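Colleague: the following block contains a protein sequence and its predicted model.
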Amino acid sequence: MTEPLKILPSVCALDCPDACALEITVEDGRVTGLGGAAEHPVTRGFACVKTARYPERQEQADRLLVPLRRVGRKGEGRFEEVDWDTALDGIADRLRGILAEHGPQALLPYHYAGTMGVLEGESPRAFFRALGAIELDQTICATTGGAGWEANYGPHKVGTDPEELVHARAIVLWGINALRSHSHVAIFLKEARRRGARILHIDPYRNETSRFADEHWQVRVGSDAALALAIGGEIVRRGLHDRDYLAAHASGLDDYVAACAEWPLERAAEFCGVDRASLERMAEWWATSPAPFIQVGYGMTRNEGGGNAMRAVSLLPALVGGWRRRGGGACLSTSGGFHLARERVTAQRRIRPGTRHVNMSQLATALEPGMSSIRGLVVYNSNPAAVAPDSSRVRAGLARDDLFTVVLEHFQTDTADYADFLLPATTFLEHADVYGSYGHYHLQYADPVVPPRGLARSNRWIFARLAERLGLDEPSLHWDTPRLVAELLSSGHPWLEGITAERLMREKSVKLSLPQPFLPYADGSHHADGKIRFAPAPRQVEFEERPTADFPLRLISPPGAVVVNTTMGNVPSIIRQAGGEPHVIIHPADAARAGVAAGGRIRITSAQGEIMRKAVVSEDAREGVVVAVGQWWPKLAPDGKSLNDLTSERLTDLGAGSTFGNPVVRIEPA
């Protein structure tokens, strides 16, 4: 009997600031449609071009539906079907052997933002902490930007409420393609512009946001700190800084002013690739605006000087007292506003003294054949064979016969090909979860809207069953959903006042109880002394990895229009819309020098390796820069290689983050 059509609420679990409230169309137990929730004050009735295709992904024929056990060599991707008991018993036996022979510090979990839900994304940590396994430092995306922000403003990344941006009048979108990677903020930007705001976009890649803005500066890659210091210096030189605000709420201003003096406008204009007159105009426009605001992106932080760049850029609102004005200030992330008691559901108390940490951006070294002490790897919510730096070395580590590997996945990704056991996981439409956001202040909850396909099971279910087999006594692994939600909400923070588990699970979306008006740094920082720290002053870091005659071009890898990362990278309609294969954008002058023709395949070589990609010749790329848009599955690329075959394990200046925007390369016809 056919079931009636239903439209059910959900929340997008993909890695994006917007954490959209969704309306899912379900017909006869199948997902047939997806749209943005019309009544949600941020989502406003539309979903991005990527998530709109999630129903296709949900129902794809190649979805993993049963547990699998490897029968071929690692990397071949050959498996046989087994039942859940066989898979779980086999995994538990192998883990017992590793623990007995090598100890718990031979076991590494690898996970990131395959789902942004707290229950399925973070609570599995309790399993590994109960075992005493290695701690994974999740550095691959946000730690550098976060470290820079928190150095200025103290713990907890919070910023201007995006719903208040309608009051902003001078808006800078710095290092972010907001129309693609934070698309719902466009609603508030458009309204601000209607009320008189002007928008400047700063990015070496000319993209949709550049064309949306009133002005675009196509700056030199990695010059952001120098640019921000030059602007700050000009503001101080002209006496346009907010002396009263700084005297009350800042420290170290003299050190900052000295750092700014190293970047007079003439020097900065030449170094950054922006004309001096534009710098002068911007300094006055910014400092005299009734509500100046910067939306700063993580993209500019993924290089050797990314932390200092974040510090320099995010100090500009404080310099002019912008935090005191409605709609003014800045935002990198709102994630620090939720104050969930994550430590309770992740068993943080069980981290043992002396526990080894592995930086996820250095997985290649951690798994080095012949060198590594790691004997067990469990991967969930990630695809490290594609996304981890120095991917060819990562694949070599995954291919080790002495490495027992378990992968929880929706599809047979490049990483899954190396698994000893490959387990079918539920999608966000098939399990319950709680969602914060790093782009707004609404806490959300979603129930499953359809049953799991096939024999797919949630991360929580899988780790709870393994815990039973291994005799682990961690109670949080067996809490039901209402208990987990209640524990998360038990921090006692005033911004969670009035939000109970019952209310959140009933209403689905509840805005945090923020102070009103919400001006997060109007009265200073979250440091113990309440001061915004201008010292030690941010600096323009001189990169060790510089263009040379052999490698004359800088490679950056921002989100693509439809392909952002590997989560949606095998959806047929997305692949078609993205042109059928990965491509890079090259400036006409660089293409001419290298003898590269538009539309042809080219070889891109770095010190780490080489790949082949299709060439698009356009001034959307700054001269001297190769722009690789989106991260594809290696097995779907023409050469079977990852973009990250070109990237190194070099770390950033703050936060020990990845340097995906750092490699220097050469190009030539393939």
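Modeller: Nice, I can see it. Keep in mind the model is a prediction, meaning the values are calculated, not measured. Residues are numbered from 1 along each chain as shown.

Colleague: go ahead and flag the most central residue of this structure.
Modeller: C141 (4.7 Å; CA atoms, centre = their mean).

Colleague: how about the residue nearest to that one when sequence neighbours are not counted, what does it touch?
Modeller: In space, and not counting its chain neighbours, C141 is closest to Y298: 6.4 Å by CB to CB, 6 or more residues apart in numbering. Every C-beta, even on glycine, is put in place using the N, C-alpha and C of the backbone. Going by CB atoms under 8 Å, 6 or more residues apart in numbering, Y298 touches C141, A142, T144, G145, G175, I176, L332.

Colleague: check P369 too.
Modeller: A396, G397, A399, R400.

Colleague: ok, G233 next?
Modeller: With CB under 8 Å, 6+ apart, G233 has these contacts: V257, C260, A261, W263, P264, L265.

Colleague: residue boundaries of the strands in the stretch 201-350 of the chain?
Modeller: 215-217, 250-251, 292-296, 329-331 (DSSP state E, counting those that start in this stretch).

Colleague: again with the stretch 451-600 of the chain
Modeller: So, for the stretch 451-600 of the chain - with DSSP E, counting those that start in this stretch - the strands run 509-511, 532-533, 553-556, 583-586.

Colleague: nearest to P448, out of those strands?
Modeller: strand 509-511 (16.8 Å; CB to CB).

Colleague: quick one: strands adjacent to that closest one?
Modeller: strand 442-446 (antiparallel) (DSSP bridges).

Colleague: for the partner strand, what is the distance to the chain centroid?
Modeller: Chain-centre distance of strand 442-446: 19 Å, with CA atoms, centre = their mean, to the nearest Å.

Colleague: now do stretch 137-145
Modeller: On CA atoms, centre = their mean, the centre of stretch 137-145 falls 8 Å from that of its chain.

Colleague: what segments of the stretch 551-670 of the chain are helices?
Modeller: 572-577, 588-594 (DSSP state H, counting those that start in this stretch).

Colleague: ok, back up a step: show me which of the contacts of P369 is closest to P515.
Modeller: For those, the nearest to P515 is G397 (48.2 Å; CB to CB).

Colleague: may I see the buried residues of the helix or strand where the closest one lies?
Modeller: Using DSSP states H and E, G397 sits in helix 391-398. Of the residues in helix 391-398, S391, S392, R393, V394, R395, G397, L398 count as buried by neighbour count, 16 or more other CB atoms under 10 Å.

Colleague: now swap in stretch 449-459 and tell me
Modeller: For stretch 449-459, by 16+ other CB under 10 Å, it's V449, V450, P452, R453, A456, R457, S458, N459.

Colleague: what does stretch 212-226 give?
Modeller: Going by neighbour count (16+ other CB under 10 Å), the buried part of stretch 212-226 is 212-213, 216-226.

Colleague: domains in this structure, by residue range?
Modeller: 6-58, 68-139+344-425+452-493, 144-332+518-533, 553-651+661-669 (automatic domain parsing).

Colleague: and the nearest residue to F338 once chain neighbours are set aside, what does it touch?
Modeller: Counting by CB to CB, 6+ apart, F338 lies nearest to G436, which is 4.1 Å off, once chain neighbours are set aside. When contacts are counted by CB under 8 Å, 6+ apart, G436 touches A19, M116, V118, S335, F338, L340, L443.

Colleague: so what's D224 scoring on pLDDT?
Modeller: Note on D224: pLDDT of 98.

Colleague: surely it meets W174?
Modeller: Yes: the pair D224 / W174 is scored as a contact, 7.2 Å apart, by CB atoms under 8 Å.

Colleague: overlap in contacts of these two?
Modeller: With contacts taken as CB under 8 Å, 6+ apart, D224 and W174 have I202, M300, V313 as neighbours in common.

Colleague: which one of those residues sits closest to D93?
Modeller: Nearest member of the shared contacts of D224 and W174 to D93, counting by CB to CB, is M300, at 47.4 Å.

Colleague: skipping adjacent residues, who's closest to that closest one in space?
Modeller: G175 (3.1 Å).

Colleague: if V584 is in a bridge, with which residues?
Modeller: A615, A628.

Colleague: how many residues are close by it?
Modeller: 23 (other CB atoms under 10 Å).

Colleague: tell me how far it lies from Q295.
Modeller: Taking CB to CB, to the nearest Å as the measure, V584 falls 26 Å from Q295.

Colleague: so which residues make contact with stretch 340-360?
Modeller: 105, 108, 110, 112, 118-119, 122-123, 125-126, 129-130, 132, 134-140, 366, 374, 384, 388, 434, 436, 474, 476, 479, 484, 487-491, 496, 651, 656.

Colleague: please convert the buried members of these into ChimeraX selection syntax.
Modeller: Written as a ChimeraX command, the selection of buried residues from those, which uses 16+ other CB under 10 Å, is:
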select :105,108,110,112,118,119,122,123,125,126,129,130,134,135,136,137,138,139,140,366,374,384,388,434,436,474,476,479,484,487,488,489,491,496,651,656
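
Colleague: so which of the contacts of stretch 340-360 are in helices?
Modeller: Using DSSP state H, the subset of the contacts of stretch 340-360 located in helices is V118, L119, R125, A126, R129, A130, A366, P384, L484, E487, L488.

Colleague: what is the most widely separated pair among these?
Modeller: Going by CB to CB, the pair spanning the ones in helices among the contacts of stretch 340-360 furthest: A366 and E487, at 31.4 Å.

Colleague: tell me which residues touch P558, please.
Modeller: Going by CB under 8 Å, 6+ apart, P558 touches N177, Y205, N207, G299, V627, V629.

Colleague: mean confidence (pLDDT) on stretch 191-202, please.
Modeller: Stretch 191-202 shows a mean pLDDT of 98.

Colleague: for stretch 130-146, that is, sorry about that
Modeller: Stretch 130-146 shows a mean pLDDT of 97.

Colleague: what do you get for stretch 282-302?
Modeller: Rounded mean pLDDT across stretch 282-302 is 97.

Colleague: pull out the buried positions in it.
Modeller: Here stretch 282-302 shows 282-283, 285-287, 289, 291-302 as buried, counting by 16+ other CB under 10 Å.

Colleague: ditto for stretch 156-175
Modeller: 156-175.

Colleague: distance check, I585 against E619.
Modeller: 9 Å.

Colleague: okay, the two: which has more neighbours?
Modeller: Ranked by neighbour count (other CB under 10 Å), I585 and E619 place I585 first, with 23 against 12.

Colleague: I'd say that one and R622 touch.
Modeller: No: applying CB under 8 Å, one finds I585 not in contact with R622, separated by 9.9 Å.
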